[in-house]
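S.K.: Predicted structure and sequence below. I'll ask about it afterward.
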Amino acid sequence: MGMCSRQERIQKDVDIVIQRCKAEKDCLFSDFLYKDATFTFTYSNGSRRVSYSVHVSEDYPDNTYVSNSENDDDVLVTRDPIPVIFHRVSTEIRINNDATSCLSIKSKLQIDKNQMFCGCTHFSDAH
């Protein structure tokens, strides 16, 4: 189990999320991108847009950081894989009609992106 298999698992999880969203007629998310160990997507509802970032670590799915553009100081640290995180975000938005409520764990974390670099396989950017 080297870094490449970890990278392949992350890419597979990203692909699952994108395929699920494309299958939904009323999907509220767009702008999917996986780059530099960070998976980003955007929630859109009318004029409201909130970007989410899921930053994966070397030991994915452990130590995965989730944040959004409306509250950068509110970072969720989770052990859940990307499809579970995405499902939780979309469920919270539908229940509460609030794009920021899913990140309820307050902790200020500095993420050193240089430590998170995986020089394994470069996948093309998902759109």
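M.R.: Done, it's in. Numbering: from 1, shown residues only.
S.K.: residues touching the closest residue in space to residue 17 that isn't next to it in sequence, list them.
M.R.: The shortest distance from residue 17 to any non-neighbouring residue, by C-beta to C-beta, 6 or more residues apart in numbering, is to residue 86 (4.6 Å). Bear in mind the C-beta positions are built from the backbone N, C-alpha and C, glycine included. If you count contacts by C-beta atoms under 8 Å, 6 or more residues apart in numbering, residue 86 has them with 17, 20, 29, 41, 54.
S.K.: ok, and residue 86, which helix or strand is that part of?
M.R.: Per DSSP states H and E: residue 86 is located in helix 82-96.
S.K.: Work out the gap between that helix and the centre of the chain.
M.R.: How far helix 82-96 lies from its chain's middle: 11 Å, per C-alpha atoms, centre = their mean, to the nearest Å.
S.K.: Could I get the average pLDDT for that helix?
M.R.: Averaging the model's pLDDT scores along helix 82-96 yields 88.
S.K.: Return the set of buried residues in it.
M.R.: Buried residues in helix 82-96, counted by 16 or more other C-beta atoms under 10 Å: 82, 83, 85, 86, 89, 90, 92, 93.
S.K.: and the helix or strand where residue 74 lies, what other elements does it pack with?
M.R.: Using DSSP H and E, residue 74 sits within strand 71-78. Judged by 3 or more C-beta pairs under 8 Å, 6 or more residues apart in numbering; DSSP states H and E, strand 71-78 is in contact with strand 64-68.
S.K.: Measure how the strand it packs on sits relative to strand 71-78, angle-wise.
M.R.: 150 degrees (axes from the mean of the first three to the mean of the last three C-alpha atoms, to 10 degrees).
S.K.: What segments of the protein are strands?
M.R.: In the chain, the strands defined using DSSP state E lie at 29-35, 38-45, 48-55, 64-68, 71-78.
S.K.: Distance of residue 28 relative to residue 6?
M.R.: For residue 28, the distance to residue 6 equals 29 Å [C-beta to C-beta, to the nearest Å].
S.K.: what's near enough to touch the closest residue in space to residue 69 that isn't next to it in sequence?
M.R.: Once flanking residues are discounted, residue 69 sits nearest to residue 51: 4.1 Å by C-beta to C-beta, 6+ apart. The contact partners of residue 51, taken as C-beta under 8 Å, 6+ apart, are 31, 40, 41, 42, 43, 68, 69.
S.K.: Much appreciated, bye for now.
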